[in-house]
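[1] Below are the sequence and a predicted model; questions follow.
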Amino acid sequence: MKRLKNLLFVLAAAPAFAFAAGATVHLDKAPVNLADQDSLQRGARVFVNNCLNCHGAASMRYTRMQDLGLTEEQIKENLLFAADKPGETMAVSMTATDGKTWFGATPPDLSVIARSRGADWLYTYLRGFYRDETRPTGWNNTVFDKVGMPHVLWDLQGEQVARYKTVNGHEVIDGLELAKPGSMTPAEYDAMVGDLVNYLVWMGEPAQLDRKRTGLAVLAFLALFFVPAYYLKKEYWKDVH
């Protein structure tokens, strides 16, 4: 009985412990707007040019980007670098074994990474790399400590270094400082990352806007249909006492 009580306590307290553990990392709000096709097109370009070298998106076909306002010819000319036909999926040539050998872990497929991690996490993560010479790649991250992925966008963002403070006798990161500027200003880099995250959110569920529009239309129909249905019910049951 005592063992059962302890188990129930652990199960009840687990969500609180999980919340407390995750609350230590501040996540910045991602500028997600799935109705902004220009942003989505820019994000698709960033994804193909920078992410698709190591990370695949096996659940996404290039032709689906026609939903972003791109023609098949534009997709072929500007985005089709890792495949021969627009109907192919966004796969990469790097094998899982090579990825694990080079990076210590196989780079994950990004088809639904935004649904798994969340847009705010991705937005903060992609802006949270800093120099750490204790790491094999020379990089670490504020939201993913001891991350195996190198900072592939460092030439755009520049090199950040961590600023520390002492809390209860332990050094913790108090913020990041730009030690070496990149080819973009901080505002330009943040905007580019915002476009990329916007695209990743769209890629996780390309039909999201259609689903929401359909859902609103159904709710509106049910709300309107309720009125005649109510009076029809009263008419049918008026002689029942």
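    Looks like it came in fine.

[2] going forward, measure contacts between C-alpha atoms and count neighbours the same way
    Noted.

[3] Quick check: R135 touching K146?
    Yes. Using CA atoms under 8 Å, R135 is in contact with K146, at 7.0 Å.

[4] Tell me the first helix or strand C-terminal of the helix or strand harbouring G99.
    Assessed by DSSP states H and E, G99 sits inside helix 96-103. Using DSSP H and E, the helix or strand that follows helix 96-103 in sequence is helix 113-117.

[5] how about the CA coordinates for that next one, as CSV?
    Taking Å, rounded to 0.1, in the frame of the first residue of the first chain, the C-alpha atoms of helix 113-117 are listed here in CSV:
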residue,chain,number,x,y,z
ILE,A,113,10.2,19.3,-36.1
ALA,A,114,8.1,22.4,-35.5
ARG,A,115,5.2,20.3,-34.2
SER,A,116,7.7,18.4,-32.0
ARG,A,117,9.8,21.2,-30.6
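
[6] In that helix, which residues are buried?
    Within helix 113-117, the residues that count as buried by 16 or more other CA atoms under 10 Å are I113, A114.

[7] For that helix, name the packing helices and strands.
    Packing contacts for helix 113-117, counted by 3 or more CA pairs under 8 Å, 6 or more residues apart in numbering; DSSP states H and E, involve helix 186-204.

[8] Flag every buried residue along whichever helix or strand comes after the helix it packs on.
    Using DSSP H and E, the helix or strand that directly follows helix 186-204 along the chain is helix 208-236. Within helix 208-236, not a single residue qualifies as buried, counting by 16+ other CA under 10 Å.

[9] roughly how far out does helix 208-236 sit from the chain middle?
    34 Å (CA atoms, centre = their mean, to the nearest Å).

[10] Domain map for the protein?
    The domain map for the chain lists 28-205, 209-236, with the assignment taken from automatic domain parsing.

[11] Using CSV, lay out the ones you listed together with mean pLDDT.
    Below are the domains of the chain laid out as CSV (pLDDT from 0 to 100):
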stretch, mean pLDDT
domain 28-205, 92
domain 209-236, 90
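
[12] Pick the most deeply packed of those.
    Greatest average neighbour count among the domains of the chain goes to domain 28-205 (a mean of 17), per mean count of other CA atoms under 10 Å.

[13] which one's the longest strand in this structure?
    Taking DSSP state E as the criterion, the chain has its longest strand at strand 170-181.

[14] Just the CA atoms of it, as PDB, please.
    C-alpha atoms of strand 170-181 as PDB (Å, rounded to 0.1, in the frame of the first residue of the first chain):
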ATOM      1  CA  HIS A 170      27.300  28.300  -9.900                       C
ATOM      2  CA  GLU A 171      28.000  30.100 -13.100                       C
ATOM      3  CA  VAL A 172      25.000  30.400 -15.400                       C
ATOM      4  CA  ILE A 173      24.600  32.100 -18.800                       C
ATOM      5  CA  ASP A 174      23.300  35.600 -18.400                       C
ATOM      6  CA  GLY A 175      23.100  36.400 -22.100                       C
ATOM      7  CA  LEU A 176      25.000  36.400 -25.400                       C
ATOM      8  CA  GLU A 177      27.200  39.000 -26.900                       C
ATOM      9  CA  LEU A 178      28.200  39.400 -30.500                       C
ATOM     10  CA  ALA A 179      32.000  39.100 -30.500                       C
ATOM     11  CA  LYS A 180      32.500  38.900 -34.300                       C
ATOM     12  CA  PRO A 181      29.800  40.300 -36.700                       C
END
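
[15] Pick out the residue nearest the middle of the chain.
    Centroid-nearest residue in the chain, with CA atoms, centre = their mean: A114, separated by 2.7 Å.

[16] Show the contacting residues for that one.
    Going by CA atoms under 8 Å, 6 or more residues apart in numbering, A114 touches L122, V197, L200, V201, G204.
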